[in-house]
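Chemist: based on what follows, work out the 3D shape:
(one chain, ligands or ions: 1)
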Amino acid sequence: MESCVSIDSLSINVYSEIGVLKKVLLHRPGKEIENLVPDYLGRLLFDDIPYLKVAQQEHDKFSDVLRENGVEVVYVENLIADVLNDDDIKNEFVEEFLNESGIILPVLKDALKEYLLSMNTEEMIDTIIAGIRKDDVKLKKVNSLSGIIKDDYPFYLDPMPNLYFTRDIGASIGNGLSISRMKTEARRRETLFIKYIHKYHDLFKDANIPLWYDRTMPFSIEGGDELILSDEVMAIGCSERTSSEAIEILAKNLLNGDTSFKKILVFEIPKARSFMHLDTVFTMVDYDKFTIHSGIQGNLNVYEISSGSDGTLKYRNDTNSLENILSNALGLDYVELIKCGGGDPIISGREQWNDGSNTLAIAPGVVVTYERNYVSNELLEKKGIKVLRIPSAELSRGRGGPRCMSMPLVRENLR
Ligand SMILES: NC(=[NH2+])NCCC[C@H](N)C(=O)O
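Modeler: Predicted coordinates:
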């Protein structure tokens, strides 16, 4: 992908999983984590409650490691604050947000709107992410049955504790964007941030960024399933979160769009919480090296999608070994699959659960990982990979690792 445009001027440029990372979108976990309570953990997609203070320290360490390695870190909360400093856009956003939160009772909607709009923009964004408890807002007395009989659910607006997994809400693909349609109600509103940033932020609004998929489409797809193997090939997980219908729509738009992409490899993985996205079991760490969780190896079907000259999609079940499928796709003689936890059933079970296969490559052969997955980390080093470890006691409780916690916006193109 040679181009005469300076890469620093591009708002989105991602043609690989491993090209030098220049700019990335994160969210620093905040008060939303403290609104997690045992009764609603499952619905909010958590298994435990992280200790916020330590989770923030760990997240700051993550962003420090990225900055020390030349990556520009931008935060969702700051970009959306830039956008919502315009009063009309702020109104539009709050209105849409409340509608999507299922707030239909007019008296409640007015009260929440007034409550939110009484705050400064930054405070309002933090509150929207943290959730609004019922005892935060005083409602006008209304003479209605629903005003008298109350359920004991504590929130008017649910918290969004998963927002620190920015990977999932969208995916930069080439110079375009796929805005996710999240599978679960718990995460669906998160993608409003991406919608507004894409539509209104100065960094994006005039850049003519094509949308390969949009959040309003009816089938679910999440960024953790979208991997850019090269400037010609993507891998997409057909998983617990990403549907075959969504993959087809994205494939049609991308493969028939004005891009270099020619093929999508669809990895059909078991639909299970511990394998929720493809990147929980498979990530790229170097030109010819991948991490893999052995739990999927026997259970993997791979289909290739390409586009015919008339724009119709063609499908082929590729029954080769995964190594052969990947080396063919990348034009290499050989690729190596590095097993999470060395393939030992206990170690790999434990380390994969804590995202041992979820590496974030910041350059070919250089990855950020959780330090707790020490067996997988040492193995990566033995294979010549440079491993930058970050602390993860609290962050890992959300079931996502460094790749899940980052949405690359700009990577250098590979030579
Ligand atoms: N790309 C990923 N693997 N993301 C992990 C997301 C974890 C989050 N708790 C969820 O269930 O949605």
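Chemist: quick check: the gap between residue 115 and residue 105.
Modeler: The spacing between residue 115 and residue 105, counted by Cβ to Cβ, to the nearest Å, is 14 Å. Where you see a C-beta, it was placed from the backbone N, CA and C, and this is true even at glycine.
Chemist: what about stretch 259-272, near the ligand?
Modeler: No. Judged by Cβ under 6 Å from any ligand atom, stretch 259-272 and the ligand are separated, with a smallest distance of 11.7 Å.
Chemist: how many residues are close by the nearest residue to residue 259 once chain neighbours are set aside?
Modeler: Ranked by Cβ to Cβ, 6 or more residues apart in numbering and with sequence neighbours excluded, the top spatial neighbour of residue 259 is residue 174, at 4.7 Å. By other Cβ atoms under 10 Å, the residues close to residue 174 number 22.
Chemist: my guess is residue 128 contacts residue 156, does it?
Modeler: No. In this structure, residue 128 is not within contact of residue 156 by Cβ atoms under 8 Å, at 11.5 Å.
Chemist: please say which of those two ends up with more neighbours.
Modeler: Per other Cβ under 10 Å, whichever of residue 128 and residue 156 has more neighbours is residue 128, with 26 against 22.
Chemist: which residues touch that one?
Modeler: Residue 128 makes contact with 97, 116, 157, 160 under the criterion Cβ atoms under 8 Å, 6 or more residues apart in numbering.
Chemist: how far off centre is the strand or helix carrying it?
Modeler: Using DSSP states H and E, residue 128 falls within helix 121-130. Its chain's C-alpha centre and that of helix 121-130 lie 20 Å apart, by Cα atoms, centre = their mean, to the nearest Å.
Chemist: so which bits of it are buried?
Modeler: Using 16 or more other Cβ atoms under 10 Å as the test for burial, helix 121-130 gives 121, 124-125, 127-130.
Chemist: can you tell me the residue of the protein closest to the ligand?
Modeler: Among the residues of the chain, residue 224 lies closest to the ligand, at 2.3 Å counting by Cβ to the nearest ligand atom.
Chemist: next, count neighbours for the closest residue to that residue other than its chain neighbours.
Modeler: Nearest residue to residue 224 in three dimensions, chain neighbours excluded: residue 277, at 2.9 Å (Cβ to Cβ, 6+ apart). Residues lying near residue 277 (other Cβ under 10 Å) number 27.
Chemist: ok, the one 10 residues further on next?
Modeler: By other Cβ under 10 Å, 14 other residues sit near residue 287.
Chemist: with residue 112 instead?
Modeler: For residue 112, the count of nearby residues is 22 (other Cβ under 10 Å).
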